[in-house]
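A.B. asks: Have a look at this prediction, sequence included:
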Amino acid sequence: MRDKFFFPLAVILTVMMVLLALQPGIGRLPTGAIAGDGLNYNRIVIEGPYLNKIIAGGDARAQLIREDKTYYLYIEAAADALSAAPELGPHFRLAADIEVQFSGRRVRVTALVRPADTRGAQQAELNYSAGRVGDSGWQVLDLQPGFSEISFEYDVPVHQGEQGVDYIAIRPVVPDKSRAIIVERIVLERLP
C-alpha cells in the first residue's frame, strides 16, 4: 500500500478507535461517594446530576428526574420498610476527604425539598452519620407545599483511628402506606 493511502487511513482508524473508547462514558451520570474539590470544604453542594450518587438502600426507591435542564431526586418509601440505621436507607456516602475536613467540626445540613405530587410526605427526616463514632439522630423537619429549605446542625465527632464512613441520609416520614419527597439540592456547610 502506498504511503499516501496508508497514513490517512491509519489516522482515520486511530480517531475511530478513540471515539469508540470514549463512547460508553458519554452521557453517564456520576456515581460513588460525594467528594470535595480539594480546595474549599466550607460548602459542599449536591445538586444536578450529582443527586444520582444516592444509594437507595433498603426498600426505598430513589430515582433521578430531569425536567428541562433541572435535575430532581424522587425518594419514596413504604411504612415500616426502612431501618433506623441511616446507611440502610436512602443516603449519600461522603468520601474520605470530606470526612477529614468535617471531623470534630460543626456542620449545617440544608436540603431544598418538597412533597411529591402523589403521596407527598408532610415531613422529611435527615441524619448525619459518622459511622461507628456516632450520628445526629433522625431530625424530623416539616415540609411546605412548594420547595422549602429544611436544615439542622450537628457537631461531627472526631474520627479516631481509621476513617469511618460518613453518610447524609434523607427520607420521607411515612406514617402509613407510602410517602415520597422530591429533593432539588443538599448543602453541607462547615461552620467556624
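C.D. replies: Structure received.

A.B. asks: Please write out the alpha-carbon positions of the helix or strand that contains V11 in CSV.
C.D. replies: Taking DSSP states H and E as the definition, V11 sits inside helix 3-22. Extracted in CSV, the C-alpha atoms of helix 3-22 (Å, rounded to 0.1, in the frame of the first residue of the first chain):
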residue,chain,number,x,y,z
ASP,A,3,2.1,6.0,1.8
LYS,A,4,-0.5,8.5,0.5
PHE,A,5,-3.2,5.9,1.3
PHE,A,6,-1.7,4.2,4.4
PHE,A,7,-1.1,7.3,6.6
PRO,A,8,-4.6,8.9,6.1
LEU,A,9,-6.2,5.5,6.7
ALA,A,10,-4.1,5.0,9.9
VAL,A,11,-5.2,8.4,11.2
ILE,A,12,-8.9,7.7,10.4
LEU,A,13,-8.7,4.3,12.2
THR,A,14,-7.0,5.8,15.2
VAL,A,15,-9.6,8.5,15.5
MET,A,16,-12.4,5.9,15.2
MET,A,17,-10.8,3.8,18.0
VAL,A,18,-10.5,6.8,20.3
LEU,A,19,-14.2,7.7,19.7
LEU,A,20,-15.3,4.1,20.3
ALA,A,21,-13.3,4.0,23.6
LEU,A,22,-14.9,7.3,24.8
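
A.B. asks: where along this structure do the helices fall?
C.D. replies: For the chain, applying DSSP state H gives helices covering 3-22, 96-102.

A.B. asks: tell me the contacts of the closest residue to Q144 other than its chain neighbours?
C.D. replies: Nearest non-adjacent residue to Q144, counting by CB to CB, 6 or more residues apart in numbering: R114, 7.2 Å away. For every residue, glycine as well, the C-beta is placed using N, CA and C. Contact analysis of R114 by CB atoms under 8 Å, 6 or more residues apart in numbering lists 120, 143-148, 181-182, 184.

A.B. asks: Make a markdown table from these and add neighbour count to it.
C.D. replies: Listed next are these as a markdown table, based on neighbours: other CB atoms under 10 Å:
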| residue | neighbour count |
| --- | --- |
| G120 | 15 |
| L143 | 21 |
| Q144 | 12 |
| P145 | 9 |
| G146 | 7 |
| F147 | 16 |
| S148 | 14 |
| I181 | 27 |
| I182 | 21 |
| E184 | 17 |
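
A.B. asks: Among those residues, which one sits closest to A84?
C.D. replies: I181 (18.5 Å; CB to CB).

A.B. asks: Now do the contacts for that closest one.
C.D. replies: Taking CB under 8 Å, 6+ apart, one finds 74-75, 113-116, 120-121, 124, 143, 170-172 in contact with I181.
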